[in-house]
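Trainee: show me how the following folds:
(chains A and B)
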Amino acid sequence: MVAAIENGTVIDHIPSDRLFEVIRLLRIEELEHDTVFIGYRLKSKAMGTKSIIKIANRFFSEQELNSLAVVAPKVTLSIIRDFDVVEKRCVELPHEIVSIVKCNNPKCICNNEPMPTRFIAAGHVLKCYYCEKEQQLSSVKLVESL
Amino acid sequence: MSENRSLVSIAGLSREKILYLMEMAHEFEQHPNRKILDGCIVATLFFEPSTRTRLSFETAANRLGARVIGFTDPKVTSSTKGETLKDTIMMVSNYSDVIVMRHYLEGAALYASELTSVPVVNAGDGAHQHPSQTLLDLYTIIQTQGTLENLNIYLVGDLKYGRTVHSLIMAMRHFNPTFHFIAPKELAMPDEYKQYCVENKISFVEHEDFNEDIIAGADILYMTRVQRERFSDLMEYERVKDVYVLNAAMLGKAKPNMRILHPLPRVNEISQDVDPTPHAYYFQQALNGLYAREAIICDVLGITLDDVRADKSILNS
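Mentor: Here you go, the predicted structure:
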């Protein structure tokens, strides 16, 4: 349904309502010369619908990939070389998340100064490093500057 | 930045550090007037007004021989022109040895402390933290009870929004207290702090009634204001506004050592007839703010308890 790639990265099992956030997080719009296949709202037995992204000739850093756990903790990643899956793994939520999540406290300093946001993850809860307000991982919003 | 000695939160202070600061405050109670900070400049940056806290910090700095610069009204600063907090802090860091900052945004003090090697003292950041208030509360408790250990501490009034009572719980976690939370339903202690008590093995009891019998077991009765604007239901406010008022008649069964604290300003939650009783301690508590803040300013500047004890610059008061 979505064309195979010779070399690159496949991000599968993306919840469809999180697809565009994953695109933002990986800055896919800025990948000028690489081919990107996006499957949106594909039928999935386990998820109802899912989305998938295949990015040719692009390998992301551990940090970039783990940042996906903020919006889509159950995605699976496949690294493709010569049409073969050479690595398959899940993402891991980093302990500290910088410049990705927006604090939901309007009175937090990080929403009022040009500064990176910083969160500490504990299970399904993210705690703002500055104001210490907590938010559920399932309801986070991303910073606008991504 | 090799070592940042800033005081931005009470949560990170160990038991040892709290007791150390208590000892240092005690030294300043003995001799509050010194020249130990001669040549130092303390900047007090008050991005929102707080006359009481500012006067206390500035008095502490002046009584130790420091000079004070700063502003009390952000309207006269560049922040009204759109200057960032970062730029203000970078600028003031060039002039001062310590920055005492009050800000209306939560987390502002922690952020400021990351920007500069000049130590930052949090004099209140929104509804978040106000560690100098907590340290002066602790000093008052130790001064009146002789210990911080195993005390029955009764918190009364607005326990939902009251920053001081939340910080007091955090600081007391090291000292095996039993808390009694006395508040109307709308202003009850939030679940996150009750959960904090459970996680830190702090005993607590909740009450809605506030009377002579309820407070008979208290060592410390910590009163706070019940503010009208905190209520979504004004009928509820009308129902409870006079329930959480302490008067002298309610003190008949109080323990002799019981002392009443209040972060001030009070409105009507402590009747004037309580003032002459031996239990009233809120004005001495405010004075303790001076000693606690003298200790805090010295500590963030790297002046140790031994330095304070060996200090030869004591002035006759």
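
Trainee: now whichever residue of chain A sits closest to chain B. Nearest residue, chain neighbours left out?
Mentor: Going by Cβ to the nearest Cβ, chain B is nearest to A:Tyr130 of chain A, at 2.8 Å. (Glycine included, C-beta is placed from N, CA and C.) Ranked by Cβ to Cβ, 6 or more residues apart in numbering or on different chains and with sequence neighbours excluded, the top spatial neighbour of A:Tyr130 is B:Gly107, at 2.8 Å.

Trainee: these two touch, right, B:Arg225 and B:Tyr161?
Mentor: No: with contacts defined as Cβ atoms under 8 Å, B:Arg225 does not count as touching B:Tyr161, sitting 9.9 Å away.

Trainee: tell me which of the two has more neighbours.
Mentor: The residue with more neighbours, out of B:Arg225 and B:Tyr161, is B:Arg225; 20 against 15, by other Cβ atoms under 10 Å in any protein chain shown.

Trainee: which strand or helix spans that one?
Mentor: Per DSSP states H and E: B:Arg225 is located in neither a helix nor a strand.

Trainee: which residues of the chain fall in strands?
Mentor: Chain wasn't specified; assuming chain A. A:8-15, A:36-44, A:48-56, A:76-81, A:84-90, A:96-98, A:101-102, A:118-122, A:125-128, A:134-136, A:141-142 (DSSP state E).

Trainee: actually, chain B is the one I wanted.
Mentor: Assigned by DSSP E, the strands in chain B fall at B:41-46, B:67-71, B:98-103, B:120-125, B:152-156, B:178-182, B:203-207, B:220-223, B:259-261.

Trainee: what packs against the third one?
Mentor: Okay, so that is strand B:98-103. The helices and strands touching strand B:98-103, judged by 3 or more Cβ pairs under 8 Å, 6 or more residues apart in numbering or on different chains; DSSP states H and E, are strand B:41-46, helix B:51-63, helix B:85-93, helix B:108-115, strand B:120-125, helix B:282-300.

Trainee: how about a markdown table for the ones you listed, with distance to chain A and mean neighbour count added?
Mentor: As requested, these are exported to a markdown table (distance: least, Cβ to the nearest Cβ, whole Å; neighbours: other Cβ atoms under 10 Å in any protein chain shown):
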| stretch | distance to chain A | mean neighbour count |
| --- | --- | --- |
| strand B:41-46 | 14 | 22 |
| helix B:51-63 | 19 | 19 |
| helix B:85-93 | 6 | 18 |
| helix B:108-115 | 5 | 25 |
| strand B:120-125 | 8 | 27 |
| helix B:282-300 | 20 | 23 |
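
Trainee: tabulate these (a markdown table), appending mean pLDDT.
Mentor: What follows is those, written out as a markdown table (pLDDT from 0 to 100):
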| stretch | mean pLDDT |
| --- | --- |
| strand B:41-46 | 97 |
| helix B:51-63 | 96 |
| helix B:85-93 | 96 |
| helix B:108-115 | 97 |
| strand B:120-125 | 96 |
| helix B:282-300 | 97 |
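
Trainee: kindly reformat these as a markdown table containing distance to B:Ile142.
Mentor: As requested, the helices and strands packed on strand B:98-103 are exported to a markdown table (distance: least, Cβ to Cβ, whole Å):
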| stretch | distance to B:Ile142 |
| --- | --- |
| strand B:41-46 | 26 |
| helix B:51-63 | 18 |
| helix B:85-93 | 33 |
| helix B:108-115 | 25 |
| strand B:120-125 | 21 |
| helix B:282-300 | 10 |
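
Trainee: what's near enough to touch the residue of the stretch 151-300 of chain B found nearest chain A?
Mentor: Going by Cβ to the nearest Cβ, chain A is nearest to B:Glu192 of the stretch 151-300 of chain B, at 8.0 Å. By Cβ atoms under 8 Å, 6 or more residues apart in numbering or on different chains, the contact set of B:Glu192 is A:Glu134.

Trainee: just checking, what's the longest helix in chain A?
Mentor: helix A:19-25 (DSSP state H).

Trainee: other SSEs contacting that one?
Mentor: For helix A:19-25, the helices and strands in contact under the criterion 3+ Cβ pairs under 8 Å, 6+ apart are strand A:36-44, strand A:48-56, strand A:141-142.
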